[in-house]
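Engineer: Have a look at this prediction, sequence included:
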Amino acid sequence: MPSHQALGELSDAEVMLQAQWGSERAFAELYGRHYRRLLDFFYGLSRDVQTAEDLCHETFLRLWQLRVRYRPSGSFPAYLFTIARHIWMERRRQARKENCRMQNAECGMWDVADVYGLGPDEQARLSELDDRIFAALDNLPEEQRMAFILRTVEGMSLEDIAVVMQCPVNTVRSRRLLAIKRLREVLRGLLVL
Amino acid sequence: MECHEVQSQLVRYLDNDLSPQQHDAVEDHLDHCYLCTEELHETVSLFDTCRDALRCPEARNRFEELRPLLRRPASIGPRPQSPLRPYQIVAGWVALAAVAILLISTAAPVVRTIRGLDLLVARSLNPPEIVLPVADEPDTKDMPFLLAWQTRVNWAESLDKDGRAGNDTIGPRPQSPLRPHQPEASVPEPVSLQVSDPPVSERGLIRSKTKCHLVYETGGLWVVAARDDRAWRADYGAIQI
């Protein structure tokens, strides 16, 4: 078994291969490396810290359960965020069903704030700018929002995003550009140069 | 480069997603254009603002909560639900069936060819086309091999459907003219047949009730050919002796 320091020097794929053999320490290393990015990803989508933490938890648990299927053929972050995206979609479908049942009426537009709800403290904490950003993001189609967050917040490469979103790289480019255009329109005048 | 072109490339410029030539062109333009530089700063500011706003304010490491769950017996959990809708699944199956039918209809000639593999092999050896006028059909009188073969063919064709001799005059099955002379160790390789210009040393015709065969010897092999309307073709392959 390699020492903890040696584990830190290994690539994500190598650490994951150790985790595949049941090494909890290797898995803890991966958790440490990617938890923050994953948390930001889910927070950007859900606007709720608790939800983001739960989804992160679920993603890592799914990664552990699926570890035997892992093949080090591509980028590890792309693999991890693909799982994360599927979990987000599952949660969204589930929430949409509940939303439909509760409202028993139109369930067209997905509104994160409606489903997860924001407490008064949370709402007070958000500045006007943040509100505008989140409002603008909420009004974006899901795929544009995800492309924007993965590239701008997570700093993933366009190729990795294409793997995560299961679409061509040019589609990722155009989705992101549309999202930026929309955000610029909404935030024009509020940005500090 | 015009301002509107540069402004449409700014995001890709920031991503380092442009070719070196385009990158240099955008940089050259930005050096002297105030408006586009302003636009660039606004884009950078937008990214920074969004990055800050979308970053989760609390990051609590919950790995210790996860650890007990890791020690559970390994399972891959429930199968994720298909993202396809039922009508999409049905359409997919219909498309698959159409493709399968298309493939089968395309593959039918190939299957037929494989069934006639002997023909395929014979043709792959590039058999000679021996054009013989019908008047030149060789005589088989002095060719004991051909006579023996003729006897065997006649006997085989006189069998009834159940494979029994049709009458008492047929007698026992004649021995193959090939086998007594076929020591296993000395069987030549079939691919050694040189067919471009066969040195036909001996050849003859075998007539039966249904077919007419031309037999000739070349390079230690007996080739049995069949006749079509115009020419003899060594379609039946070679017999090693």
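Structural biologist: Looks like it arrived, so ask away. Numbering: from 1, shown residues only, chains lettered A, B, ... in the order given.

Engineer: So which elements touch the helix or strand hosting A:Thr171?
Structural biologist: Per DSSP states H and E: A:Thr171 is located in helix A:169-187. Contacts defined by 3 or more C-beta pairs under 8 Å, 6 or more residues apart in numbering or on different chains; DSSP states H and E place helix A:169-187 against helix A:128-138, helix A:142-148, helix A:158-165, helix B:3-14, helix B:34-54. (C-beta placed from N, C-alpha, C; glycine too.)

Engineer: same thing but at 7 Å, please
Structural biologist: helix A:128-138, helix A:142-148, helix A:158-165, helix B:34-54 (3 or more C-beta pairs under 7 Å, 6 or more residues apart in numbering or on different chains; DSSP states H and E).

Engineer: near chain B, which residues of chain A show up?
Structural biologist: Contact residues, chain A versus chain B (C-beta under 7 Å from any C-beta of the partner chain): A:24, A:27-28, A:31, A:35-36, A:39-40, A:43-44, A:49, A:52-53, A:57, A:60-62, A:64-66, A:86, A:90, A:129-130, A:133, A:149, A:152-153, A:158, A:177, A:180, A:183-184, A:187, A:191-193.

Engineer: So which of these sit within helices?
Structural biologist: A:24, A:27-28, A:31, A:35-36, A:39-40, A:43-44, A:49, A:52-53, A:57, A:60-62, A:64-65, A:86, A:90, A:129-130, A:133, A:158, A:177, A:180, A:183-184, A:187 (DSSP state H).

Engineer: Can you say which of those residues are buried?
Structural biologist: A:27-28, A:31, A:35, A:39-40, A:43-44, A:49, A:52-53, A:57, A:60-62, A:64-65, A:86, A:90, A:129-130, A:133, A:158, A:177, A:180, A:183, A:187 (16 or more other C-beta atoms under 10 Å in any protein chain shown).

Engineer: Which helix runs longest in chain B?
Structural biologist: helix B:86-115.

Engineer: Does that one reach chain A?
Structural biologist: No. Residues of helix B:86-115 contacting chain A under C-beta under 7 Å from any C-beta: none, with a closest distance of 15.0 Å.

Engineer: what distance separates the helix holding A:Thr171 from the centre of its chain?
Structural biologist: Taking the mean of its C-alpha atoms, helix A:169-187 sits 17 Å from the chain's own mean (C-alpha atoms, centre = their mean, to the nearest Å).

Engineer: Could you do stretch A:44-58 as well?
Structural biologist: Worked out by C-alpha atoms, centre = their mean, stretch A:44-58 lies 9 Å from the chain centre.

Engineer: Export that stretch to CSV, keeping only CA atoms.
Structural biologist: Extracted in CSV, the C-alpha atoms of stretch A:44-58 (Å, rounded to 0.1, in the frame of the first residue of the first chain):
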residue,chain,number,x,y,z
GLY,A,44,-24.6,26.7,-9.3
LEU,A,45,-27.5,24.5,-10.4
SER,A,46,-29.5,24.4,-7.2
ARG,A,47,-28.6,27.6,-5.4
ASP,A,48,-28.9,25.7,-2.1
VAL,A,49,-26.0,24.6,0.0
GLN,A,50,-27.7,21.7,1.7
THR,A,51,-28.9,20.4,-1.7
ALA,A,52,-25.5,20.8,-3.2
GLU,A,53,-23.9,18.9,-0.3
ASP,A,54,-26.5,16.1,-0.6
LEU,A,55,-26.0,15.7,-4.3
CYS,A,56,-22.2,15.7,-3.8
HIS,A,57,-22.6,13.0,-1.3
GLU,A,58,-24.8,11.0,-3.6
